[in-house]
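Novice: Any chance you could fold what I've pasted below:
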Amino acid sequence: MLRRRLLTPHEYDAEDEGIIWALRPRTLDECIGQKGAIERLRIGIEAAKMRGEPLEHMLLYGPPGLGKTTLAHVVANELNVNIHVCSGPTLERAGDLMGYLLSLRRGDILFIDEIHRMPRHVEEFLYGVMDRFVVSFPTSRRVSAKPPEFKLQAFTLIGATTKAGNISRPLRERFGICVRLDFYSVDELTEIVKRSARLLGIPIDHFGAEEIAKRSRGTPRIANRLLRRVRDYAEVKGDGRVTRRIVDEALRMEGIDEHGLDALDRKYLEVLIREYNGGPAGIDAICALLQEDATTLEEMVEPYLLKMGLIKRTPHGRVVTTRSAALLGLSGDSCMSEQLSLFEAERKWRARNRRD
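Specialist: Predicted coordinates for the structure are as follows:
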């Protein structure tokens, strides 16, 4: 089993949590990147302030580590209201929400992380809460008995999810503002690394920050994590200053190459190329060879490989692109011939079915 990955945006320990909170922006003006999303939030917040009303319910979705939780707290700071935080998996019953709902004041924010993991009956309980700010609990088993209603203060529900499609349509349509967060560019991540280094007191030059940004898979959480690992290396093996050379040496020791690929990413590609001639191969077959579970590969490995154009998902299974073989320094001609012939056969089959 491979050791814990530095390039996994899902997991972070107690030390990471404290540092992450210290590095997070607190206002919209401090946010770097996600310009479209930030502008939409700014307009919504200003409009709510002008009308003296709570902000509309909001859904933040996108890959992990891009700042959904951060944006929820930024919105609370901009509105100068309290934010109450809970997690979807912990809300097993509708009653689990009552403690949060009854403590909300007008305009407060209820933030539900991983909202897609709430049970369906809890989602249905939220319908009336989101629409009319009313909670009704049946106190009698008689069908004709009307349950008493409890009026709540008007508030804003912010949900965060990496899988918006797993949220039921009725719940999804109750969010007035839906904001999708995308991966950050190298330039944006470079500025984030510089800001984090400044807050942590790490001497770093532009080229060192840019090198970390290139290897961060478009994710600020990973960029900040790599920055701390490079800082350790610079203090032990150098004079404490973070330069491009120090970054390259530190991250190569961690198994992270100049493309942001780590050992598991490269092993995934090598299995497809060497064992399956470039594919197609089913996810279960790849898992058996890598001794990893399917969730790890589908959520932590494949998204970045797809973004980089190194693999494709087809009805027949996973296949590599010609770029993968060149990137790994392997011969790509022989391993891709079978794959390309399968693509061509599938293309002809689809064209023939359209004519029929």
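
Novice: Residue 172 is in contact with residue 57, isn't it?
Specialist: No. Between residue 172 and residue 57 no contact is recorded; they are 10.6 Å apart, counting by CB atoms under 8 Å. The way it works is simple: take the backbone N, C-alpha and C, and place the C-beta from them, glycine included.

Novice: correct me, but residue 23 touches residue 224?
Specialist: Yes. Counting by CB under 8 Å, a contact exists between residue 23 and residue 224, whose distance comes to 5.8 Å.

Novice: who's more crowded, the two?
Specialist: Set side by side, residue 23 and residue 224 show unequal neighbour counts under other CB atoms under 10 Å, the larger going to residue 224 at 27 against 19.

Novice: Which strand or helix spans that one?
Specialist: With elements taken from DSSP states H and E, the one containing residue 224 is helix 220-237.

Novice: next one: that helix to chain centre, how far?
Specialist: When C-alpha coordinates are averaged (CA atoms, centre = their mean, to the nearest Å), helix 220-237 and its chain have centres 21 Å apart.

Novice: Show me where the stretch 251-356 of the chain has its strands.
Specialist: Here the stretch 251-356 of the chain has its strands, by DSSP state E, counting those that start in this stretch, at 311-314, 317-320.

Novice: returning to what we had before: can you pull the residues that touch both of residue 23 and residue 224?
Specialist: Both residue 23 and residue 224 are contacted by residue 196, under the criterion CB atoms under 8 Å, 6 or more residues apart in numbering.

Novice: low-scoring stretches of this protein, by residue?
Specialist: Applying pLDDT under 70 to the chain picks out residues 1-21, 137-148, 328-356.

Novice: Looks like residue 175 contacts residue 59 (just checking).
Specialist: Yes. Contact status for residue 175 versus residue 59: in contact at 4.0 Å, counting by CB under 8 Å.

Novice: Spit out the residues that contact these two alike.
Specialist: Counting by CB under 8 Å, 6+ apart, the shared contacts of residue 175 and residue 59 are residue 159.

Novice: what about the strands in the stretch 101-250 of the chain?
Specialist: Under the criterion DSSP E, counting those that start in this stretch, the stretch 101-250 of the chain contains strands at 109-113, 134-136, 149-151, 156-161, 177-180.

Novice: could you measure residue 55 against residue 34, distance?
Specialist: 18 Å (CB to CB, to the nearest Å).

Novice: More neighbours: the two, which one.
Specialist: The residue with more neighbours, out of residue 55 and residue 34, is residue 55; 24 against 21, by other CB under 10 Å.

Novice: pretty sure that one contacts residue 155?
Specialist: No. Counting by CB under 8 Å, no contact exists between residue 55 and residue 155, whose distance comes to 9.3 Å.

Novice: ok, which stretches of the stretch 201-350 of the chain are helices?
Specialist: In the stretch 201-350 of the chain, the helices defined using DSSP state H, counting those that start in this stretch lie at 206-214, 220-237, 244-253, 263-270, 276, 283-290, 294-296, 302-307, 322-328, 333-355.

Novice: Of all these, which one is nearest residue 106?
Specialist: When those are compared for distance to residue 106 using CB to CB, the nearest one is helix 220-237, at 32.7 Å.

Novice: which residues are in contact with that closest one?
Specialist: Applying CB under 8 Å, 6+ apart, the set of residues contacting helix 220-237 from outside is 6-7, 9, 12, 16, 19-20, 23, 33, 64-67, 184, 189, 192-193, 196-197, 200, 202, 204, 208, 212-213, 215-216, 240-242, 246-247, 249-251, 253-254, 256.

Novice: Show the buried residues in those.
Specialist: 6-7, 9, 19-20, 23, 33, 64-67, 184, 189, 192-193, 196-197, 202, 204, 208, 212-213, 215-216, 242, 246-247, 250-251, 254, 256 (16 or more other CB atoms under 10 Å).

Novice: Can you identify each of the helices in the stretch 51-200 of the chain by residue range?
Specialist: Going by DSSP H, counting those that start in this stretch, the stretch 51-200 of the chain shows helices at 68-79, 95-102, 120-132, 169-172, 186-200.

Novice: Please list all residues in contact with residue 317.
Specialist: Residues in contact with residue 317, defined by CB under 8 Å, 6+ apart, are 279-283, 285.

Novice: any idea which of those residues is the one closest to residue 98?
Specialist: Checking the contacts of residue 317 against residue 98 with CB to CB, the nearest one is residue 283 at 40.6 Å.

Novice: how near is residue 172 to residue 191?
Specialist: To residue 191, residue 172 is 33 Å away according to CB to CB.

Novice: Neighbour count for those two, which is higher?
Specialist: A direct count of neighbours by other CB under 10 Å for residue 172 and residue 191 places residue 172 higher, at 19 against 15.

Novice: List the contacts of that one.
Specialist: Residue 172 sits next to 59, 164, 178 when contact means CB under 8 Å, 6+ apart.

Novice: just curious, which of the residues you listed is nearest to residue 269?
Specialist: Comparing every one of the contacts of residue 172 with residue 269 (CB to CB), the shortest separation belongs to residue 164, at 28.5 Å.
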